[in-house]
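Student: Any chance you could fold what I've pasted below:
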Amino acid sequence: MKKISLFTLVALLFVTVFMGCEEEDTFPFETTGGVVEFTNVDGFYDKNDLTSSFGFDLTSLGESISSFDILKSYDGGTPILQTSVSQLPATINITFEEALSGLGITTDSIDIGDKIIFSIANVQTASGSYDSANSIAADVSCLSNLAGTYNFSTVDYFCDGDAVTGQVNWTEAGPGLYEIDDWGYGSYQVCYGNPAAGWGMLQLKDVCNEITIEGTDAYGDSWSFTSITVDGADLILGWTNTYGEAAESTLTRTDGTEWPPLYQ
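Tutor: Below is the predicted model of the structure:
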């Protein structure tokens with residue numbers, strides 16, 4: 001009889017404790033504060049164009065936000081105020097000139113690859129003021145516009161022969177990146193009897209008129225320029241690769257304009 005009473009008592013205690021834990025786990029909780037988020041980020045700052053623009057949308061999570069500040073900083077410097085916002089959602093566009101204002105720097109002191117950081121501070125909600133950890137970076141680069149179809153003439157190529165002529169396409173693959181449909185500019189057709197089956201991961205990279213060849217071809221060879229000369233509508237490229245193929249190709253624009261001052 002005592003054993004039965006003791007068992008019953010333990011069971012009742014277990015049920016009471018378990019139900020108590022269940023009730024604690026289901027207690028409602030509240031969060032306070034508001035968060036500002038960056039979305040639809042677009043653009044970069046062209047080192048050569050103070051009117052170039054960097055833009056983004058701003059939305060919020062959590063409590064209703066009455067106002068906040070957008071701060072800016074350069075190269076790890078102390079953030080300063082860019083603008084204040086009092087309505088969400090919002091679309092923001094900041095020109096390069098506006099971004100530089102107050103930072104104490106000029107385009108001459110900025111290097112390609114530098115960044116201007118935008119962050120959020122002084123977020124005002126009903127429960128208080130907050131600084132956000134969210135930030136975005138606007139890259140400083142240069143606008144590149146090298147895509148097009150060009151006439152070419154290739155000489156001094158690796159199997160010798162008369163000048164080879166034809167057309168080549170430079171196709172934009174990304175900002176400042178281009179794919180070329182004939183990296184040999186006709187030389188493969190003469191030396192091997194047919195064009196290359198593919199060009200692997202080769203891409204031409206343009207950073208403020210400095211052009212290089214990135215990646216490797218389908219055989220794992222890297223390519224490079226040995227010389228670059230611009231003469232109006234003509235771009236004269238000396239090129240080679242680690243397999244030993246080399247030539248000089250002149251690319252002539254077909255749009256009536258001149259090449260920018262490209263170099264290696």
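
Student: Using the record's assignment, carve the chain into domains.
Tutor: Domains of the chain are assigned by automatic domain parsing as 34-141, 148-253.

Student: Make JSON lines out of these and add mean neighbour count, distance to P260 and mean pLDDT.
Tutor: Glycine gets a C-beta too; all of them are placed from N, C-alpha and C. As requested, the domains of the chain are exported to JSON lines (neighbours: other CB atoms under 10 Å; distance: least, CB to CB, whole Å; pLDDT from 0 to 100):
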{"stretch": "domain 34-141", "mean neighbour count": "16", "distance to P260": "10", "mean pLDDT": "92"}
{"stretch": "domain 148-253", "mean neighbour count": "16", "distance to P260": "5", "mean pLDDT": "96"}
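
Student: Could you dump these into JSON lines with distance to P261 added?
Tutor: Converted to JSON lines, the domains of the chain look like this (distance: least, CB to CB, whole Å):
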{"stretch": "domain 34-141", "distance to P261": "12"}
{"stretch": "domain 148-253", "distance to P261": "6"}
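
Student: so S224, which of the three states?
Tutor: Here S224 is recorded as strand under DSSP: H, G, I helix; E, B strand; the rest coil.

Student: Can you name the residues that contact it?
Tutor: S224 makes contact with T212, I213, W239, T240, N241, according to CB atoms under 8 Å, 6 or more residues apart in numbering.

Student: Can you give me the distance of the first one to W199?
Tutor: From T212 across to W199, the span is 16 Å (CB to CB, to the nearest Å).

Student: One more: the fourth one?
Tutor: Taking CB to CB as the measure, T240 and W199 are separated by 15 Å.

Student: ditto for the third one
Tutor: Remark: distance between W239 and W199 (CB to CB) = 13 Å.

Student: ok, now S129?
Tutor: 56 Å.

Student: Over to G76?
Tutor: 40 Å.

Student: now T257
Tutor: 26 Å.

Student: Torsion angles phi and psi at A197?
Tutor: Main-chain torsions, A197, degrees, to the nearest 10: phi -70, psi -30.

Student: Tell me how far the closest residue to it other than its chain neighbours lies from I92.
Tutor: Nearest in space to A197, with sequence neighbours left out and distances taken as CB to CB, 6 or more residues apart in numbering, is A218 at 6.9 Å. In this view, A218 and I92 are 44 Å apart by CB to CB.

Student: who touches the residue nearest to V85 when sequence neighbours are not counted in this structure?
Tutor: Spatial nearest neighbour of V85, chain neighbours left out: F68 (5.8 Å); criterion: CB to CB, 6+ apart. Each residue near F68 by CB under 8 Å, 6+ apart is listed here: V36, S84, V85, I120, A121, N122, V123, Q124, S132.

Student: same question, K205
Tutor: G176, L177, Y178, I211, T212, I213, E214.

Student: now do I70
Tutor: L81, Q82, T83, S84, V85, I92, F118, S119, I120.

Student: Next, format the residues you listed as a markdown table and append distance to K47.
Tutor: Shown next, in a markdown table, are the contacts of I70 (distance: CB to CB, whole Å):
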| residue | distance to K47 |
| --- | --- |
| L81 | 24 |
| Q82 | 19 |
| T83 | 23 |
| S84 | 28 |
| V85 | 28 |
| I92 | 21 |
| F118 | 18 |
| S119 | 22 |
| I120 | 26 |
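
Student: Show me where the stretch 1-150 of the chain has its helices.
Tutor: Along the stretch 1-150 of the chain, counting by DSSP state H, counting those that start in this stretch, helices occupy 2-25, 96-100.

Student: Identify all contacting residues around stretch 40-58.
Tutor: For stretch 40-58, the external contacting residues (CB under 8 Å, 6+ apart) are 36-39, 85, 88-97, 99-100, 107, 110, 112, 116, 118, 136, 138-143, 175, 208.
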